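Peer 1: coordinates only, no sequence provided:
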C-alpha cells in the first residue's frame, strides 16, 4: 500500500507541484539558497555588463566580459570529480563564500570609483567560478535530500527558481541601477549571496562523500568517463544536451535582439516583453512538470518535448507577425522545461550514485560549448541571415532527435522508477 508521502508525490495541482518543498526542511533551505544565489548571479551579471559597456563603449569588450563569466563551465568534469570526492554541501558553502567575498571586493571598488575594466573582467570570472563549478554539487545533493521518487519534482522546482531569477534578476538590476546607481546595486546583489550562504549552514550534516578520496582527481575524471560511457541512456541524454546547446540555446542568448529589430520591428521594451514571455512559459512548464510527480516515460517526455521546442524555434525563425511571435515565445519557454528539467533528472537516474557529480560535470561541459557555438552561428548568420540560420539549426536538431529515438528506443520508455 502506498504511503502518504508517495501519494503526495502523485497528487495533481499546485499542492502536488510543491510536494518536495512541503515538510522537507533540508530541501527548503537548499531551494531558497538557490533562489538568492542565482538572483545575485543574474542581477550582478547585468550590472557588471552595464558597467563594462559604460567604461569601454565596446561591444567586443562586453563580449570578452561575458566569455570570462562563462569560461569556468569548461571545468565541468573536474568540478564533477570534486563533487564526488568531497562533501557537496561544504563545496556549496565554499562557492557561496567565494561569491560573497568577490562581490564585496568589486562593490567596494565601484563605490570608491576605483573599478577599471580589467577588474570587471576578473569579477565576471569570479562569478563564473562560484557558479559553474558548483553546479554538479548543487544538482547531485538534491537526490540525497528528496529521494528518487521526488527527484523530477525537486528538479522542476529548482528549474522554476532558476527561470524566476533569470526573468526577475536582470530587470531588478536595471531598476536598481536607475534608482540607486550601479555600486549600490552591486552591494544588494552581494547581500543576496550572503543570504544564500546562511541558508546552506543548516545543511552541513548532508552532502555525503561517495568516493574514495585517495584516488587522484585525474583518475576520477578518467574512471568516471569510462563508467558513464557504459550507460547508453546517459550518453544519449548528454548528446541531446550537447546538440541543444550547440544549435539553439545560443539563439536565445545572442540573437533575440536581431529578431526583435529586423524581423518584428520591436524596440528595447518590445524585446524585453518577448523575453519575458519565454521566461513566463518556462516557469509554467517547470510548474507543470513539478505537478506530474514521479511520472512514467520521463525519457519520452524529454525527447518529445525537446523536439517540439526545436520545431517551435523553426516556426519562430520564419515569423514576421508580432502577435504570433509572442505566442510562439510563450510556447518555446513552456516546452523548454521538458529539456531543462529532465536532462538533469535523467542523468541522475541513469548513472550510478558514485559518479553523479562527474555526470553532472559532463553536463556542465556540454552546456559550456555555448560561447563557441554562438561564434560559429554568428558567423553563419552574417552570411546566410539570422532567420535562415536558426531555421536550419532547429530543423537539424529535430532530425537529430529523430535519429536518436530510432537508435536508442529504450530512452523513450525509460521511467526511472524503482521496480517493486
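Peer 2: Alright, I've got the coordinates. Because the structure is predicted, anything quoted here is derived from the model rather than measured.

Peer 1: starting at the chain centroid, how far to the helix or strand encompassing residue 130?
Peer 2: In the assignment (DSSP states H and E), residue 130 maps to helix 117-131. Between the centre of helix 117-131 and the centre of its chain there are 18 Å (CA atoms, centre = their mean, to the nearest Å).

Peer 1: what angle do helix 117-131 and whichever helix or strand comes after it make with each other?
Peer 2: Next helix or strand after helix 117-131 toward the C-terminus (DSSP H and E): helix 135-146. Per axes from the mean of the first three to the mean of the last three CA atoms, to 10 degrees, the angle that helix 135-146 makes with helix 117-131 is 30 degrees.

Peer 1: what packs against helix 135-146?
Peer 2: helix 25-56, helix 76-85, helix 88-111, helix 151-180, helix 322-350, helix 356-367 (3 or more CB pairs under 8 Å, 6 or more residues apart in numbering; DSSP states H and E). For every residue, glycine as well, the C-beta is placed using N, CA and C.

Peer 1: mind checking how far that helix is from the chain centre?
Peer 2: 14 Å.

Peer 1: just want the angle from that helix to helix 88-111.
Peer 2: Going by the same axes, to 10 degrees, helix 135-146 makes 130 degrees with helix 88-111.

Peer 1: end to end on stretch 314-325, go ahead and measure it.
Peer 2: 11 Å (CA to CA, to the nearest Å).

Peer 1: can you give the contact residues for that stretch?
Peer 2: Stretch 314-325 has contacts (CB atoms under 8 Å, 6 or more residues apart in numbering) with 259, 263-266, 270, 274, 328-329, 332, 386-388, 390-391, 394-395, 398.

Peer 1: counting only helices, which of these make the cut?
Peer 2: Judged by DSSP state H, helices contain the following of the contacts of stretch 314-325: 270, 274, 328-329, 332, 386-388, 390-391, 394-395, 398.

Peer 1: is it possible to export these to CSV including pLDDT, distance to residue 296 and neighbour count?
Peer 2: Compiled in CSV, the ones in helices among the contacts of stretch 314-325 are given as follows (pLDDT from 0 to 100; distance: CB to CB, whole Å; neighbours: other CB atoms under 10 Å):
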residue, pLDDT, distance to residue 296, neighbour count
270, 76, 41, 16
274, 81, 35, 21
328, 94, 29, 22
329, 91, 30, 26
332, 94, 26, 26
386, 85, 39, 21
387, 89, 38, 19
388, 92, 39, 14
390, 91, 33, 25
391, 95, 34, 18
394, 96, 28, 22
395, 97, 30, 16
398, 97, 24, 18
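
Peer 1: will you turn those residues into CSV that also has distance to residue 146?
Peer 2: Listed next are the ones in helices among the contacts of stretch 314-325 as CSV, based on distance: CB to CB, whole Å:
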residue, distance to residue 146
270, 40
274, 35
328, 34
329, 32
332, 29
386, 41
387, 42
388, 44
390, 37
391, 40
394, 34
395, 38
398, 33
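
Peer 1: which single one of the residues you listed is nearest to residue 139?
Peer 2: Of all the ones in helices among the contacts of stretch 314-325, residue 332 has the smallest distance to residue 139: 23.6 Å, by CB to CB.

Peer 1: verify the stated contact: the closest one with residue 281.
Peer 2: Yes: if you go by CB atoms under 8 Å, residue 332 and residue 281 touch, sitting 6.5 Å apart.

Peer 1: which other residues reach the strand or helix carrying residue 60?
Peer 2: Residue 60 is part of helix 59-70, with elements assigned from DSSP H and E. Helix 59-70 has contacts (CB under 8 Å, 6+ apart) with 45, 48-49, 52-53, 56, 117, 120-122, 124-125, 127-128, 132, 368, 370-371.

Peer 1: stretch 404-420 now?
Peer 2: Outside stretch 404-420, the residues touching it (CB under 8 Å, 6+ apart) are 148-149, 151, 232-233, 236-237, 239-240, 294-300, 302-303, 345-346, 349-350.

Peer 1: how about the nearest residue to residue 333, chain neighbours excluded?
Peer 2: residue 281 (2.5 Å; CB to CB, 6 or more residues apart in numbering).

Peer 1: got the contact list for the one you found?
Peer 2: Going by CB under 8 Å, 6+ apart, the list of residues near residue 281 reads 329-336.

Peer 1: swap the cut-off to 7 Å and go again
Peer 2: Contacts for residue 281 (CB atoms under 7 Å, 6 or more residues apart in numbering) come out as 330-334.

Peer 1: go on, residue 36?
Peer 2: 192, 195-196.

Peer 1: just the strands in the stretch 201-350 of the chain please.
Peer 2: Remark: no strands are assigned in the stretch 201-350 of the chain by DSSP state E, counting those that start in this stretch.

Peer 1: what about the residue nearest to residue 241 when sequence neighbours are not counted, neighbour count?
Peer 2: In space, and not counting its chain neighbours, residue 241 is closest to residue 366: 4.4 Å by CB to CB, 6+ apart. Neighbour count for residue 366, taken as other CB atoms under 10 Å: 22.

Peer 1: if I pick residue 366, what's in contact with it?
Peer 2: 238, 241-242, 245.

Peer 1: one more time with 10 Å, if that's ok
Peer 2: 73, 76, 237-246, 343 (CB atoms under 10 Å, 6 or more residues apart in numbering).
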